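[1] for reference, the sequence and a predicted model appear below.
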Amino acid sequence: MNIKMIKTEEDYQQALKKLELVFEAPIDSPEGDEAEILSILIEKYEDEHYPIGPPDPIEAIKFRMEQMDMKKSDLAEIIGYKSRVTEIFSRKRKLTLQ
């Protein structure tokens, strides 16, 4: 096992290639340990260099509705008013936890 910290994009690409080779190794094997360590290092590098911010709440609602094959009228049944859904989607009404 020859593992080093991931400091550059080249190191990152090499780590991804190596992980691909040992990814399906048994957990309690040297290759499995290597896969776990590489995963941790890759995740750390990605968190620092490719951060993913939180989603826009309205877009997240729209995405989830699309996944569930819902229409605005379906959401209106949950929220209570069709006009409220329109206000939320047009960003005239702020979202609350309630």
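    Sure, I can see it.
[2] now do the longest helix seen in the chain, average pLDDT.
    Counting residues, the longest helix found in the chain (DSSP state H) is helix 30-49. The average pLDDT within helix 30-49 is 96.
[3] helices or strands up against the helix or strand Leu21 falls within?
    Using DSSP states H and E, Leu21 maps to helix 9-22. Applying 3 or more C-beta pairs under 8 Å, 6 or more residues apart in numbering; DSSP states H and E, one finds that helix 9-22 contacts helix 30-49. Glycine gets a C-beta too; all of them are placed from N, C-alpha and C.
[4] how about the helix it packs on: buried residues?
    Buried residues in helix 30-49, counted by 16 or more other C-beta atoms under 10 Å: Glu34, Ala35, Leu38, Leu41, Ile42, Tyr45.
[5] and the angle for it with helix 9-22?
    If you take axes from the mean of the first three to the mean of the last three C-alpha atoms, to 10 degrees, helix 30-49 sits at 150 degrees to helix 9-22.
[6] map the structural domains onto the sequence of this structure.
    As assigned by automatic domain parsing, the chain contains the domains 9-49, 57-89.
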